[in-house]
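> sequence unknown, structure follows:
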């Protein structure tokens, strides 16, 4: 089963990256990002790519420049997630055939990102937008637009976000905090995946 969940491993270190990836894949998560403000993020991305194989989408978050997009590609990553709608980042991402998930908040940012070829709109921070805010913005977006809620979306409210029009989610601190053990990550991932599956069934 393919789940629209992105695991955000902020603060992960290369020595545990492969183990973390294996745990996430076993839990049923097939998209993983390493934010670039983590220690040695490109090495962690390389190790995740090697450990998880071609069927798992590995990439970077907090990508702020076109040069960083190049470095992610060189590390084998295929997913570029940004906190903002940076046109240069989107363009470089798409020119390399990678997936572009820019951060947006307003309709203006949404349409700018879509015109540049963004694959998914990352609504961030979700805690400020709220499901009601997403519902209002969703009305004006093309029906085929895919949107993920990040920051404020989690196991306790997946259903509300899905009802408002979210297609998927990015999970950060609810899933992993720097220094967490692999066992803690496994427990959190299992809980999140179970809650997501239940929310989908109850749509």
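Perfect, thanks for sending it. None of the values given here were measured: they were computed from a predicted structure.
> show me where this structure has helices.
Secondary structure of the chain by DSSP state H: the helices cover 14-27, 41-52, 66-74, 87-95, 107-115, 126-138, 158-164, 182-201.
> I would like the residues contacting the second one, please.
When you say that, I think you mean helix 41-52. Contacting residues not belonging to helix 41-52 are listed as 9, 12-14, 17-22, 25, 32, 34-35, 38, 56, 58-60, 71-72, 74-77 [Cβ atoms under 8 Å, 6 or more residues apart in numbering]. (C-beta placed from N, C-alpha, C; glycine too.)
> and if you look at stretch 109-118?
Residues external to stretch 109-118 that are found in contact with it (Cβ under 8 Å, 6+ apart): 85, 87, 90-91, 94, 100-102, 104, 121, 137, 141-142, 145.
> can you rerun that using 7 Å?
85, 87, 90-91, 94, 100, 102, 104, 121, 137, 141, 145 (Cβ atoms under 7 Å, 6 or more residues apart in numbering).
> please pick the buried ones from the residues you listed.
The neighbour-count criterion (16 or more other Cβ atoms under 10 Å) marks 85, 90, 94, 100, 102, 104, 121, 137, 141, 145 among the contacts of stretch 109-118 as buried.
> now the third one. Nearest residue, chain neighbours left out?
Closest residue to residue 94 in three dimensions, ignoring its sequence neighbours and counting by Cβ to Cβ, 6 or more residues apart in numbering: residue 117, at 4.4 Å.
> tell me how many other residues crowd that neighbour.
For residue 117, the tally of surrounding residues (other Cβ atoms under 10 Å) stands at 12.
> offset the numbering so it begins at 58, please.
Shifting the count to begin at 58 puts that one at residue 174.
> next one: it from residue 150, what distance?
Note on residue 174: its distance to residue 150, by Cβ to Cβ, to the nearest Å, is 8 Å.
> mutual contacts of these two, please.
Counting by Cβ under 7 Å, 6+ apart, the residues touching both residue 174 and residue 150 are residue 157.
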